[in-house]
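> Got a predicted structure here, sequence first:
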Amino acid sequence: MFLSQEGPEELELYAKRTLLKGSTKNSITNLEQLKTELNHVRTHKRASDNEELELGVRCIAAGIYDDQEQLVAGLSISAPADRLQEEWMAMLEKTATDISSSLGHKA
């Protein structure tokens, strides 16, 4: 979530610093693919990890925004890959929206 908020220069520095070394066969290790994924995250204000950090574990996340439209936190659910249900995203997004609203964010 937070990496999606960075500008092009910061993203380039991140890529150089980490070398985009992957943890699993599902990891994003290509800068252009990462940029595409981060654009999706920025647009939809949600993210997912499809066994990119650890095989057998998936994660979904939604952003929490303050009254200045700034991303201040992420709310996530991690679960075994075979148990995580895509339907959980709607509940997660609603909860993140409710928390954002309590911080003064206007959706």
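Cool, the structure landed.
> Residue 65 is in contact with residue 101, isn't it?
No. Checked against C-beta atoms under 8 Å, the pair residue 65 and residue 101 is beyond contact range at 9.4 Å. Just so you know, the C-beta spots here come from the backbone N, C-alpha and C atoms, and that holds for glycine as well.
> how about residue 69, what does it touch?
Counting by C-beta atoms under 8 Å, 6 or more residues apart in numbering, residue 69 touches residue 105.
> now it, what's its secondary structure?
Three-state call for residue 69 (DSSP: H, G, I helix; E, B strand; the rest coil): coil.
> how much space between it and residue 56?
From residue 69 across to residue 56, the span is 36 Å (C-beta to C-beta, to the nearest Å).
> Residue 10 now?
When C-beta to C-beta is applied, the distance between residue 10 and residue 56 equals 31 Å.
> Mind checking which of residue 65 and residue 101 has more residues around it?
Between residue 65 and residue 101, residue 65 has the larger neighbour count (other C-beta atoms under 10 Å), namely 22 against 14.
> Can you name the residues that contact the more buried one?
45, 71-72, 100, 103, 105.
> Low-confidence stretches in this structure?
Applying pLDDT under 70 to the chain flags no residue at all.
> can you pull out the strands in it?
Under the criterion DSSP state E, the chain contains strands at 46-50, 57-65, 71-80.
> which one of the ones you listed lies closest to residue 16?
Ranking the strands of the chain by distance to residue 16, with C-beta to C-beta as the measure, places strand 46-50 first at 22.2 Å.
> Name the residues of the closest one that are buried.
Buried residues in strand 46-50, counting neighbours by 16 or more other C-beta atoms under 10 Å, are found at 46-49.
> Likewise for stretch 86-99?
By neighbour count, with 16+ other C-beta under 10 Å as the criterion, the buried positions of stretch 86-99 are 89, 92-93, 96-97, 99.
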